[in-house]
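Asks: Got a predicted structure here, sequence first:
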Amino acid sequence: MEHLNQLVTRLQLAGIPLRQGEPMLRHTSFQIGGPAAVMVFPETEEQVREVFHLTKEYRIRPILLGAGTNVLCPDEGLDTLILETRTGLQGLYCPAENEIEAESGVMLTRLATFAMEQGLSGLEFAHGIPGTVGGGVFMNAGAYGGELAQVITQVTVLYPDGRWAVLAADELDLGYRRSRFMEEDCLILSVRVRLTPGDKTTIRSEMNELMRRRRASQPLEFPSAGSTFKRPVGGYASALIDQAGLKGLTVGGAQVSPKHAGFVINRGGATCGDVLALMDQVRDKVLAHSGITLEPEVRILK
């Protein structure tokens, strides 16, 4: 804790915005989570780099957070530093024909809309995914048959010792809801994607149709972290949960959505403990019913 206090002093002297005891429920789509010891909101890429470097100097491993749309935070809070990347990494431009580079704090919906405005197709699936580019790369986000692995050409990353590297797509170990970054201590700064020229009206129409399907099938009116479990081989988590008769199953303020069994929702006042207990029940009952073990897709912070 002494190192953390010293780090806070350095950050304050550097003029980098931060808050101590910041409730994580304000920064996650689940609207769940106790206070973080320190949460930092760097406003420029230079400040992001400085924070990341200082955490290495003080031997503190930060938790990196974009929009907080795929995470579950503990009720007791987090006794470490949270580095919020969304504020300071908002660059978005076209470096070459049919290519877009986006910094990791850019929302995926904004990236998809930007691509449409340039007359570029290939990111329609990302319109409506409620996360940042950095978070999307981290988990190889996807929907409706598309995923970022299909369009990424390179990712620029920063290491705690100040080194940075440009990694080609074939170096990223991208798979279903995974990447090398899940095991590697680095910060995603930006991603470059290569897209296909298309008609703006057609692209917009496809994006609107996918959003219509989301609203019709998903419980967007309640706080959640999106799909709670990964898709198992040869099936869908939502179908297995539904077949086990678990729609509407409730623990405290957490519930398996009656609208879409793949979502655990916060119906009001849900705690992290409620969600975890409900997930355990779902996993056990699905295993007993189908013989398939579900794996969490939501990232559980500790």
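Replies: Received, thanks.

Asks: how near is the closest residue to residue 121 other than its chain neighbours to residue 22?
Replies: In space, not counting the residues next to it along the chain, residue 121 is nearest to residue 198; the distance is 3.3 Å by Cβ to Cβ, 6 or more residues apart in numbering. C-beta: built from backbone N, CA, C; applies to glycine. Taking Cβ to Cβ, to the nearest Å as the measure, residue 198 falls 42 Å from residue 22.

Asks: what's the answer for residue 235, then?
Replies: Here residue 235 is placed at a distance of 39 Å from residue 22 (Cβ to Cβ).

Asks: Compare neighbour counts for the two and give me the winner.
Replies: Between residue 235 and residue 22, counting by other Cβ atoms under 10 Å, residue 22 is the more crowded of the two (22 against 12).

Asks: in the sheet, who's paired with that one?
Replies: Partner residues in beta bridges with residue 22: residue 36, with DSSP bridges as the criterion.

Asks: which stretches of the stretch 201-302 of the chain form strands?
Replies: Defined through DSSP state E, counting those that start in this stretch, the strands belonging to the stretch 201-302 of the chain, from first to last, are 224-227, 250-251, 254-256, 263-266, 299-300.

Asks: who wins for proximity to residue 60 among the ones you listed?
Replies: Judged by Cβ to Cβ, the one of the strands of the stretch 201-302 of the chain that comes nearest to residue 60 is strand 299-300, at 19.5 Å.

Asks: Could you list the residues in contact with the closest one?
Replies: By Cβ atoms under 8 Å, 6 or more residues apart in numbering, the surrounding residues in contact with strand 299-300 are 70-72, 139, 276.

Asks: Among the residues you listed, which lie within helices?
Replies: Per DSSP state H, helices hold the following members of the contacts of strand 299-300: 139, 276.

Asks: Dump the contacts of strand 299-300 to JSON lines, plus neighbour count and distance to residue 59.
Replies: Formatted as JSON lines, the contacts of strand 299-300 follow (neighbours: other Cβ atoms under 10 Å; distance: Cβ to Cβ, whole Å):
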{"residue": "70", "neighbour count": "26", "distance to residue 59": "27"}
{"residue": "71", "neighbour count": "23", "distance to residue 59": "24"}
{"residue": "72", "neighbour count": "23", "distance to residue 59": "26"}
{"residue": "139", "neighbour count": "21", "distance to residue 59": "27"}
{"residue": "276", "neighbour count": "18", "distance to residue 59": "29"}
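
Asks: got TSV for the contacts of strand 299-300, with distance to residue 205 too?
Replies: Listed next are the contacts of strand 299-300 as TSV, based on distance: Cβ to Cβ, whole Å:
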residue	distance to residue 205
70	28
71	33
72	35
139	28
276	41
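
Asks: of the contacts of strand 299-300, closest to residue 5?
Replies: Closest approach to residue 5 among these (Cβ to Cβ): residue 71, at 25.5 Å.

Asks: my read: the closest one touches residue 25, true?
Replies: No - using Cβ atoms under 8 Å, residue 71 makes no contact with residue 25, being 11.4 Å away.

Asks: Name the nearest residue to residue 71, sequence neighbours excluded.
Replies: Distances taken as Cβ to Cβ, 6+ apart put residue 299 closest to residue 71, at 4.8 Å, once the chain neighbours are dropped.
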